[in-house]
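Novice: Pasted the sequence and its predicted model underneath.
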Amino acid sequence: MRDGAVRETAAGEGTTAGAAAGGRDGALRCPWALSAAEYVTYHDEEWGRPVHGDDALFERLALEAFQSGLSWITILRRRPGFRAAFAGFRIAAVAAFTEADRERLLADPGIIRNRAKIDATLANARVLAEWSPGELDALIWSHAPDPAGRPAPRTLADVPAVTPESTALAKALKRRGLRFVGPTTAYALMQACGLVDDHLADCAARRP
């Protein structure tokens with residue numbers, strides 16, 4: 001998880017360590033999931049579930065970049081706006097964005113209007129548009145670690161912020177021309193897209 005023991009994107013603000021905790025329905029969940037209503041749905045239905053497809057993974061890469069320095073709830077609440085602004089994160093469509101589109105994005109209150117992050121997303125789309133179909137999916141998933149190689153975390157303190165696999169993934173993406181993808185962001189992507197299952201051992205959402 002990000003920032004030491006906690007990935008602030010999905011792990012929730014203010015949590016430092018802790019075991020699975022009971023929610024209103026009595027089910028045990030990762031404690032970060034209980035800090036906001038939107039997190040419960042995201043935690044139960046999305047986080048840690050396998051994501052495939054170049055466009056879907058491009059979206060996750062882009063949103064992880066926009067999250068940098070912010071809490072994930074900020075991005076999650078704006079995700080519909082991001083999807084509308086970036087043409088559903090279809091790589092071919094975003095790669096064709098013009099300077100007028102860039103100016104539109106910089107003025108769009110429905111997203112995070114950060115010039116460097118917007119420019120990186122547009123540049124990444126142009127790079128990925130030159131790749132073969134399925135190439136991004138294959139590259140990312142080639143860095144998935146053996147699930148038997150690490151025991152299920154018992155508390156948030158057991159969840160890393162960076163791993164050798166995330167460092168290798170970040171380097172591979174950067175070598176191919178992608179921007180805003182460091183080892184910590186790469187590990188957050190791996191968590192969110194199911195390359196690793198960092199739901200706590202007692203969490204109801206952990207896969208068997």
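Specialist: Sure, I can see it.

Novice: Helices of the chain, start to end?
Specialist: Along the chain, the stretches classed as helices by DSSP state H are 8-11, 37-45, 54-67, 72-85, 91-95, 99-106, 115-128, 135-141, 164-175, 183-192.

Novice: any idea of the mean pLDDT in the first one?
Specialist: For helix 8-11, the mean per-residue pLDDT is 40.

Novice: just to revisit the earlier point, with respect to G23, which of the helices of the chain lies nearest?
Specialist: Comparing the helices of the chain against G23 with CB to CB, the closest turns out to be helix 37-45 (6.6 Å). The C-beta positions use only the backbone N, C-alpha and C, and glycine is treated the same way.

Novice: and the direction of that closest one versus that of helix 183-192, what angle?
Specialist: Relative orientation of helix 37-45 with respect to helix 183-192: 70 degrees, computed using axes from the mean of the first three to the mean of the last three CA atoms, to 10 degrees.

Novice: Please work out which residues outside helix 37-45 touch it.
Specialist: The list of residues contacting helix 37-45 from outside it, by CB atoms under 8 Å, 6 or more residues apart in numbering, reads 10, 12, 23, 29-30, 32-34, 73, 76-77, 204-205.

Novice: Name only those of the residues you listed that count as buried.
Specialist: A10, G12, G23, R29, C30, W32, A33, L34, I73, L76, A204, A205 (16 or more other CB atoms under 10 Å).

Novice: Among the residues you listed, which has the minimum pLDDT value?
Specialist: G12 (37).

Novice: pLDDT weak spots in the protein?
Specialist: In the predicted model, the chain carries pLDDT under 70 at residues 1-17.

Novice: ok, V181 - how many residues close by?
Specialist: One way to gauge burial is a neighbour count; for V181, by other CB atoms under 10 Å, it gives 22.

Novice: That one reaches A65, doesn't it?
Specialist: Yes. Under the criterion of CB atoms under 8 Å, V181 is in contact with A65, at a separation of 7.2 Å.

Novice: Okay, buried residues for stretch 160-169 please.
Specialist: Of the residues in stretch 160-169, those buried by neighbour count under the rule 16+ other CB under 10 Å are P160, A161, V162, T163, E165, S166, T167, L169.

Novice: The third one contacts T185, doesn't it?
Specialist: No. The pair V162 / T185 is not scored as a contact, 9.8 Å apart, by CB under 8 Å.

Novice: From R29, how far out is A107?
Specialist: When CB to CB, to the nearest Å is applied, the distance between A107 and R29 equals 38 Å.
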